[in-house]
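*Asks:* With the sequence up front, the predicted model follows.
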Amino acid sequence: MADPTRAGQALSENPRPDARWPSAQARPEDVFLAWLLALPDDADMAEAARREIARLDRAAPLDAGPERLRALMIELAQAG
C-alpha cells in the first residue's frame, strides 16, 4: 500500500526512494530507470554510475538482480 505521507512529493523534495524500495520483486531495469530519473539535470551520468558500481561492489557477492543492475550501470559508465 502506498504511503499517503509521501504522495505527491516532487522529486526535488525526495530524490531517492525510501529504504523499503526497491523490493525483492523490483526488476533491475526499473530500479535503474528510477535511479536515472532521480539524478539532477546537470549530473555527470557516467560518474554517478561509477559511484553506484563501487557501492554495489562493496555489497558483493550480489544476487542476480543487483548483478544485472551493476551491468546496466557499467554500460552507462562506459558510454559516458
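*Replies:* Okay, I see it. Numbers count the residues shown, from 1 in each chain.

*Asks:* From here on, just use CA atoms for contacts and neighbour counts.
*Replies:* Noted.

*Asks:* okay, and for the chain, where does confidence drop off?
*Replies:* Of all residues in the chain, those with pLDDT under 70 make up the ranges 1-22.

*Asks:* Counting residues, which helix of it comes out longest?
*Replies:* helix 64-79 (DSSP state H).

*Asks:* list the helices and strands that one packs on?
*Replies:* helix 28-38, helix 45-58 (3 or more CA pairs under 8 Å, 6 or more residues apart in numbering; DSSP states H and E).

*Asks:* Out of those, flag the one nearest Leu69.
*Replies:* helix 28-38 (5.0 Å; CA to CA).

*Asks:* quick one: buried residues of the closest one?
*Replies:* For helix 28-38, burial by neighbour count (16 or more other CA atoms under 10 Å) applies to 28, 31-32, 35.

*Asks:* hmm, back to that, how about the helices and strands packed on helix 64-79, which one is nearest Gly65?
*Replies:* Gly65 lies closest, by CA to CA, to one member of those: helix 28-38, at 5.6 Å.
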